[in-house]
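1. Got a predicted structure plus its sequence, pasted below:
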Amino acid sequence: MNIGVIAHNSKKSLMENFCLAYKRILSKHELYATGITGRRMEEVTNLKVHKFLPGSLGGDRQFTEMIERNDMDMVIFFYNPVVSDPRQADIERITRCCDKYNIPIATNIATAESLILGLARGDLDWRNIV
């Protein structure tokens with residue numbers, strides 16, 4: 001399955017810890033991430049990550065286009081909902097796009113863990129049929 005990961009600056013450490021904790025599961029799938037997030041994922045896990053441009057330079061749009069082509073099976077998007085973000089439109093675009101195309105998306109650690117453990121159990125195998 002194709003798993004997309006985006007983490008805003010204040011959530012990069014959370015993303016790194018998440019990827020380390022679930023490296024065994026992630027290693028069985030194709031990973032996609034925006035530029036800096038992808039580089040940091042590779043550095044901490046030694047997993048291969050297909051990297052888009054940095055989010056602010058068009059990576060968010062590349063990410064969304066992959067969702068629209070139904071080439072993304074799951075998205076983990078760690079952002080800080082407490083801080084006002086000038087890229088709020090990008091956040092909303094990605095989450096709306098996932099909803100429109102029935103792509104499971106996690107925007108917090110609790111949901112991300114549920115999705116990744118479900119992925120390991122085969123709960124998302126229905127995506128192979130779509």
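-> That came through, no problem. Numbering: from 1, shown residues only.
2. When you work out contacts or count neighbours from here on, use the C-alpha atoms and nothing else.
-> OK.
3. Which other helices and strands does the least confident helix or strand in the chain by mean pLDDT contact?
-> Least confident helix or strand of the chain, by mean pLDDT, DSSP states H and E, is helix 88-100 with a mean of 85. Packing contacts for helix 88-100, counted by 3 or more Cα pairs under 8 Å, 6 or more residues apart in numbering; DSSP states H and E, involve helix 59-68.
4. what packs against the helix it packs on?
-> Using 3+ Cα pairs under 8 Å, 6+ apart, helix 59-68 is in contact with helix 88-100.
5. Direction-wise, compare the helix it packs on with helix 59-68 and give the angle.
-> For helix 88-100 against helix 59-68, the angle by axes from the mean of the first three to the mean of the last three Cα atoms, to 10 degrees is 10 degrees.
6. Figure out how far helix 88-100 is from the centre of its chain.
-> Taking Cα atoms, centre = their mean, to the nearest Å, one finds helix 88-100 lying 12 Å from the centre of the chain it belongs to.
7. and what of stretch 20-33?
-> 11 Å.
8. returning to what we had before: could you pull out the buried residues of the least confident helix or strand of the chain?
-> Across helix 88-100, burial judged by 16 or more other Cα atoms under 10 Å covers Asp90, Ile91, Ile94, Thr95, Cys97, Cys98.
9. and the spatially most central residue of the chain, what helix or strand is that in?
-> When Cα atoms, centre = their mean is applied to the chain, the residue found nearest the centroid is Val5 (2.1 Å). Per DSSP states H and E, Val5 falls inside strand 2-7.
10. Output the contacting helices and strands for that strand.
-> strand 30-33, helix 35-45, strand 74-78.
11. What average pLDDT does it get?
-> Averaging pLDDT along strand 2-7 gives 94.
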